[in-house]
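Enquirer: Next comes the sequence, and after it the predicted model I'd like to discuss.
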Amino acid sequence: MALYIGVMSGTSLDGLDIALIEQTSAIKLIATHYLPMPDSLRAELLGLCASGSDEIARSAIAQQHWVELAASGIHSLLAQQQLQPEAIRAIGSHGQTIRHEPARGFTVQIGNPALLTELTGITVVSDFRSRDVAAGGQGAPLVPAFHEALFEERTGNQAVLNVGGFSNLSLIEPNKPVAGFDCGPGNVLMDAWIHQNRGENYDRDGQWAATGTAQPILLKALLSDPFFVTTGPKSTGREVFNLPWLKRHLSRLPMFSAEDVQATLLELTALTIVESLQSAQSDTQELLVCGGGAHNATLMTRLGQLLPNTKVASTATHGVDPDWVEAMAFAWLAHCCLEGIAANRPSVTGARGLRVLGAIYPA
């Protein structure tokens, strides 16, 4: 039996997800801990996603604060489980993505793994994306290999959909390598729009979007972005889809009500997921949804309407809490690194071959 901790901080920047897993012949979730992101740290991390002054010093300070938050959460989790640091083989730390530009040959996740090792006394594995990018890949998404391991006993054509700030699909078919790619915005635009208009960080259950009506002219303009006509392997991030991107489109069109814009953004998320799925795996029998989007009832209903021949359900229906799949994935990726197991999938990222991912910071 080996215990691993995964730390995930996604593009939504709502908080840190920390998961404790047991890795044997199967993957078992043992315990979880969540830490909300302090407003000041969230604002600074968001600021680092775009060019600005004194970026090197700002990012160095921000990652110290991020690591201190992560370490406090890890210690709380260990205390809850009455475990000593020596009981944990490794922490898999995703860090916080502040830039992702594989077309230019780089991806940047800050998270000072050396400091995290010092503060926890546990070996840390981090920087999972860089090796795949160095091998010509997108460096993302990395979770399809984990989805394949987690749901390998399933039969028929499956897809696993993660809806965080961005949405990505893992396509699992019997006797075929797993495939996958980013579909486009998940919650990122909806979160930004509701924050600007109502001061809320997210649209709970999609309730606000449900009060509006998707506007075809706006939807058509948003769908004209070149990203949506490219085929996988592909990945994206805040460098492409952000509030200024949305405002540029809005400035060229008639004025819409704020709730209609929100409804259109939800339709954008749903349509780009469905069109991506149908073009890559038209006979999907089951779509399992994880991430924050699994709790958006309006989005889940819309996905079901657009996919009448596919069962759309949360991963919870198969005993996997949708909130913890990504944190579990990075705990598993730490295991793969220490065991020398290749964890990227060229069919997903476009890398030149299988690679062992991660850099190790021994305790």
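Expert: Nice, I can see it. Residues are numbered from 1 along each chain as shown.

Enquirer: so how far is His100 from Gly111?
Expert: Distance of Gly111 to His100, computed by Cβ to Cβ, to the nearest Å: 14 Å. Yep, even glycine has a C-beta here, placed from its N, CA and C like the rest.

Enquirer: actually Gly292, not the one I wrote
Expert: Taking Cβ to Cβ, one finds Gly292 at 19 Å from His100.

Enquirer: Same question for Ala209.
Expert: 26 Å.

Enquirer: Likewise for Asp54?
Expert: 21 Å.

Enquirer: Which one's more surrounded, these two?
Expert: Neighbours were counted for Asp54 and for His100 using other Cβ atoms under 10 Å; His100 has more, 26 against 8.

Enquirer: got the CA positions of stretch 77-88 in CSV?
Expert: The C-alpha trace of stretch 77-88 is given here as CSV (Å, rounded to 0.1, in the frame of the first residue of the first chain):
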residue,chain,number,x,y,z
LEU,A,77,-5.4,16.7,6.2
LEU,A,78,-2.7,14.7,7.9
ALA,A,79,-4.0,15.7,11.3
GLN,A,80,-7.5,14.7,10.4
GLN,A,81,-6.3,11.3,9.3
GLN,A,82,-3.8,10.9,12.2
LEU,A,83,-0.9,10.4,9.8
GLN,A,84,2.7,11.5,10.0
PRO,A,85,4.5,13.0,7.0
GLU,A,86,6.5,9.8,6.8
ALA,A,87,3.4,7.8,5.9
ILE,A,88,3.0,9.7,2.6
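
Enquirer: Can you give the contact residues for that stretch?
Expert: 3-5, 18, 20, 30-33, 120-122, 363 (Cβ atoms under 8 Å, 6 or more residues apart in numbering).

Enquirer: which residues sit in contact with Ala159?
Expert: Ala159 neighbours (Cβ under 8 Å, 6+ apart): 169-172, 277, 281, 284, 286-288.

Enquirer: Of the residues you listed, which belong to strands?
Expert: Mapping the contacts of Ala159 onto strands (DSSP state E) picks out 169-172, 286-288.

Enquirer: which residues in the chain form strands?
Expert: 2-8, 15-23, 27-36, 90-93, 96-101, 106-110, 124-126, 158-163, 166-172, 179-185, 286-290, 311-314, 359-361.

Enquirer: Distance from the third one to the middle of the chain?
Expert: Taking Cα atoms, centre = their mean, to the nearest Å, one finds the center of strand 27-36 at 16 Å from the center of the full chain.

Enquirer: which strands and helices sit next to that strand?
Expert: strand 15-23, helix 55-80, helix 325-339 (3 or more Cβ pairs under 8 Å, 6 or more residues apart in numbering; DSSP states H and E).

Enquirer: now do 10 Å
Expert: Applying 3 or more Cβ pairs under 10 Å, 6 or more residues apart in numbering; DSSP states H and E, we find strand 27-36 packed against strand 2-8, strand 15-23, helix 55-80, helix 143-150, helix 325-339.

Enquirer: Likewise for the fourth one?
Expert: Contacting strand 90-93 under the criterion 3+ Cβ pairs under 10 Å, 6+ apart are the following elements: strand 2-8, strand 15-23, helix 55-80, helix 113-120, strand 124-126, helix 325-339, strand 359-361.
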